[in-house]
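Peer 1: A predicted structure for the sequence below; I have some questions about it.
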Amino acid sequence: MGPPGAGKGTQAKILAEKYNLIHLSTGDILRREIKKKTAIGLEAQSYMNGGNLVPDNVLLAIMDSTLTSLKDSGTILDGFPRTIPQAEGLSTIVENLDSKIDYVLNIHVEEQILINRLIERAQNSGRPDDTEEVITKRQKVYTKLTAPLVNFYKNNIIQIDGDGSIDQVTQRILKQIQ
Ligand code: ADP
């Protein structure tokens, strides 16, 4: 977990490679659906472009079928859950699969650093939601709907300082989970 720009995707990729996990980024999954012009993609597009979250039932259906099909593989979730109902739904999915969540990592970075990072990334990301206005909206949505998850997972959350180089942040994570 972590706000937009915290480095979730970057660190998730590194961890997936190191521990042989499947990296599931809901942002990437949704962008693929948009590209393929599927029903899910068409529904998701306007929410994403406006910096809003795609409805919980859409995400829960995607993650239920994805995690069920990957039942026997370890996964790292990047960008899910993002709301309390998604976290509750994930608990049910995990229980039904007789599986478990090993770690919950929360990468935190000061808001102004995040906004600067995202504006920089916007230069070449080509993402329609990487404009200054939508970036600010995504931070607001994060604070309102996703930040409360820190309390939901308070018993097993690991806090990671996300300010620093990619490698420094990776080392901080490895120290906590090895
Ligand atoms: P970032 O974390 O930088 O905002 P993502 O690629 O993770 O980027 O997400 C981009 C957009 O995809 C979000 O702003 C949201 O509209 C949608 N999205 C991704 N994951 C979820 C989710 N779990 N629930 C609802 N919407 C989501």
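Peer 2: Received it, and whenever you're ready, just let me know what you need.
Peer 1: can you give me phi and psi for Ile22?
Peer 2: Dihedral angles phi and psi of Ile22 (degrees, to the nearest 10) take the values phi -90, psi 130.
Peer 1: who's it bridged to?
Peer 2: Note on Ile22: beta-bridge partners by DSSP bridges are Thr75.
Peer 1: and it, how many neighbours?
Peer 2: 13 (other Cβ atoms under 10 Å). In short, each C-beta sits where N, CA and C put it, glycine included.
Peer 1: From Ala87, how far out is it?
Peer 2: 20 Å (Cβ to Cβ, to the nearest Å).
Peer 1: What residues does this protein have near the ligand?
Peer 2: When proximity is defined as Cβ under 6 Å from any ligand atom, the chain approaches the ligand at 4-5, 26-27, 30, 47-48, 51-54, 59, 79-80, 82, 86, 129, 138.
Peer 1: residue contacts, the closest residue to the ligand within the chain?
Peer 2: Ranked by Cβ to the nearest ligand atom, the top residue of the chain for proximity to the ligand is Gly27, at 1.8 Å. Gly27 is in contact with Gly9, Asp78, Gly79, counting by Cβ atoms under 8 Å, 6 or more residues apart in numbering.
Peer 1: Out of the residues of the chain next to the ligand, name the ones that lie in strands.
Peer 2: Among the residues of the chain next to the ligand, none falls in strands (DSSP state E).
Peer 1: Report the contact partners of the most centrally placed residue in the chain.
Peer 2: Note on the chain: the residue nearest the mean C-alpha position is Gly79, at 1.3 Å, using Cα atoms, centre = their mean. If you count contacts by Cβ under 8 Å, 6+ apart, Gly79 has them with Lys8, Gly9, Ser25, Thr26, Gly27.
Peer 1: neighbours of the residue lying closest to it once chain neighbours are set aside, just the number please.
Peer 2: Nearest residue to Gly79, sequence neighbours excluded (Cβ to Cβ, 6 or more residues apart in numbering): Thr26, at 4.2 Å. Counted by other Cβ under 10 Å, the residues lying close to Thr26 total 22.
Peer 1: ok, Thr26 touching Asp78?
Peer 2: Yes. With contact defined as Cβ atoms under 8 Å, Thr26 counts as touching Asp78 (7.3 Å).
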